[in-house]
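J.: Below is the sequence, then the predicted model.
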Amino acid sequence: MAFESKIRPITWENGVSKMLDQTVIPYEYKYVEISSGDEMFNAIRNMIVRGAPAIGIAGAQGIVLYAKEGANKFTNREEFINWLLEKADYMATSRPTAVNLMWACDEQKKVIKNSKSDINGLIEELTTKAIEIEQDDIDRCKKMGDYGAEVVPKGATILTHCNAGALATGGYGTALGVVRSAFAKDNTIQVFADETRPRQQGARLTTFELAMDGIPVTLITDGMCSYFMSKGMIDMVVVGADRIAANGDTANKIGTYTVAIAAKYHNIPFYVAAPLSTIDISIASGKEIPIEERNREEVTHINGKIICAESGVNIINPGFDVTPNELITGIITEKGIIRPDYKDSIKNLFMIR
Ligand code: MRU
């Protein structure tokens, strides 16, 4: 059962991309128009759009924008195609960890390589694919939500980390999609949202979208989760994912691993919710997942104000960590919930795809 969100973080309208600027939420709620491929590259890199499935949708749209620019540059179809394939590879490098971006750029590359149309026809085909990727994501998230809702106990308090909601997807959410579907069945459930330093996606985005949809949410800081677990106040954890290796090791926002260890210690189920496009079967384990290193100001500053000594301090700012598969109770996908041994269950999942 679906509980629709009012949020559409990214859409395609009249030949341009319209996206909610996620860097200014909750202070402002404004859409920006992205009308060139380079603008899209920067919007992804600077996190105007963020969240694994949402940046996949953005990447697919960015390739349409490049194609439209290329149509003004080239008359020769072959030169156009070679240039566009290079641009698609470039778009895939706008952020390194979430594999949905590479997946969506690959989907567009398949369209380019398989097309028999002229340049304008190919642009049409790429547009259709980008819209399909967006629509498809919402459908997949709703399916995931319904499977996930089955393992949410009545009246549960669900802890989540970062933002894996409508804002991070086509408009329903992976982890928060599970919350939405569970809430549609049982409106006594509630969410505890970790703040998620350094960029505070939990505080800024998760509380914002849940409050907007009327789902009860309590904000806690990252260090508080074990305390609430020890008090028996958390029934389960559901997080999203940026990349899942073939053995189930899962990269998600920095801090997720700490939550998973705390959940294991307290015997609390820890679920990951992610579409198949987040599973990277080309890598055997989480050791191979590239971890984005972001700029130091995210750690040293809050709202433009420095929060540490101005000099003499070393800063390291990895954007993601990898939760080892043995800490994960189940992975909720659009094809059902898979459980350990993940090597086998992921292989089977892709066989029935
Ligand atoms: O750096 P971000 O904000 O793009 O990171 C987002 C996350 O880590 C999400 O939890 C993940 O992408 C899952 S989104 C459905």
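T.: Structure's in. What do you need? Just so it is clear, the model here is predicted, and its values are computed rather than measured.
J.: which residues sit in contact with the residue in the stretch 151-300 of the chain positioned nearest to the ligand?
T.: Minimum separation of the stretch 151-300 of the chain from the ligand (Cβ to the nearest ligand atom) falls at residue 240, amounting to 2.6 Å. The C-beta positions use only the backbone N, C-alpha and C, and glycine is treated the same way. Contacts for residue 240 were tallied using Cβ atoms under 8 Å, 6 or more residues apart in numbering; they are 51-52, 162-164, 168, 173-175, 252, 272-274.
J.: and what of residue 38?
T.: With contact set as Cβ under 8 Å, 6+ apart, residue 38 has no partners.
J.: State the number of residues packed around residue 83.
T.: For residue 83, the number of neighbouring residues by other Cβ atoms under 10 Å comes to 17.
J.: Am I right that residue 58 sits in a helix?
T.: Yes. Counting by DSSP: H, G, I helix; E, B strand; the rest coil, residue 58 is part of a helix.
J.: Name the nearest residue to it, ignoring sequence neighbours.
T.: residue 49 (4.7 Å; Cβ to Cβ, 6 or more residues apart in numbering).
J.: Is the ligand within reach of the longest helix anywhere in the chain?
T.: Of all the segments assigned as helix in the chain under DSSP state H, the longest by residue count is helix 119-149. No. Taking Cβ under 6 Å from any ligand atom as the criterion, helix 119-149 and the ligand are apart, separated by no less than 8.2 Å.
J.: if you average pLDDT over that helix, what comes out?
T.: Averaging the model's pLDDT scores along helix 119-149 yields 97.
J.: helices or strands next to that helix in the packing?
T.: With contacts taken as 3 or more Cβ pairs under 8 Å, 6 or more residues apart in numbering; DSSP states H and E, helix 119-149 sits against strand 10-13, helix 52-73, helix 77-91, helix 99-114, helix 175-185, strand 270-273, strand 330-333, strand 336-338.
J.: winner for burial among the ones you listed?
T.: Comparing those by mean neighbour count (mean count of other Cβ atoms under 10 Å), helix 175-185 ranks first with a mean of 27.
J.: Pull up the pairing partners for the helix or strand just after that helix, direction included.
T.: Downstream of helix 175-185, the next assigned helix or strand under DSSP states H and E is strand 190-194. Each strand that pairs with strand 190-194, with its direction, by DSSP bridges: strand 157-160 (parallel), strand 217-220 (parallel).
J.: Please identify the deepest-packed of those strands.
T.: Scoring the strands paired with strand 190-194 by mean neighbour count under mean count of other Cβ under 10 Å gives strand 157-160 as the most buried, with a mean of 25.
J.: ok, it near the ligand or not?
T.: No. With Cβ under 6 Å from any ligand atom as the threshold, strand 157-160 lies outside contact range of the ligand, at a closest distance of 8.5 Å.
J.: Same question for stretch 312-325.
T.: Yes. Against the ligand, stretch 312-325 shows contacts by Cβ under 6 Å from any ligand atom at residue 319.
J.: residues making contact with that stretch?
T.: Contacts of stretch 312-325 (Cβ under 8 Å, 6+ apart): 97, 198, 242, 247-258, 260, 270, 272, 286-287, 289, 291-296, 298-300, 340, 342.
J.: Quick check: mean pLDDT of it?
T.: Per-region confidence: stretch 312-325 scores 97 on mean pLDDT.
J.: One more: stretch 195-213?
T.: Mean pLDDT, stretch 195-213: 97.
J.: cool, stretch 274-294 as well?
T.: Throughout stretch 274-294, pLDDT has a mean value of 97.
J.: What of stretch 330-340?
T.: In this model, stretch 330-340 has an average pLDDT of 98.
J.: for stretch 225-234, same thing?
T.: 98.
J.: from now on call the first residue 169
T.: Understood, numbering begins at 169; the last thing we discussed is stretch 393-402.
J.: With distance to residue 192 as extra columns, can I get the helices and strands packed on helix 287-317 in CSV?
T.: What follows is the helices and strands packed on helix 287-317, written out as CSV (distance: least, Cβ to Cβ, whole Å):
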stretch, distance to residue 192
strand 178-181, 15
helix 220-241, 16
helix 245-259, 24
helix 267-282, 22
helix 343-353, 20
strand 438-441, 27
strand 498-501, 31
strand 504-506, 36
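J.: Which one, of those, ends up nearest to the ligand?
T.: helix 220-241 (3.6 Å).
J.: hmm, that closest one in reach of the ligand?
T.: Yes. Helix 220-241 comes into contact with the ligand when judged by Cβ under 6 Å from any ligand atom, the residues involved being 220, 221.
J.: coming back round to it: JSON lines for the contacts of residue 408, including distance to residue 186?
T.: Conversion of the contacts of residue 408 to JSON lines gives the following (distance: Cβ to Cβ, whole Å):
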{"residue": "219", "distance to residue 186": "16"}
{"residue": "220", "distance to residue 186": "20"}
{"residue": "330", "distance to residue 186": "24"}
{"residue": "331", "distance to residue 186": "20"}
{"residue": "332", "distance to residue 186": "22"}
{"residue": "336", "distance to residue 186": "17"}
{"residue": "341", "distance to residue 186": "19"}
{"residue": "342", "distance to residue 186": "22"}
{"residue": "343", "distance to residue 186": "25"}
{"residue": "420", "distance to residue 186": "27"}
{"residue": "440", "distance to residue 186": "30"}
{"residue": "441", "distance to residue 186": "26"}
{"residue": "442", "distance to residue 186": "25"}
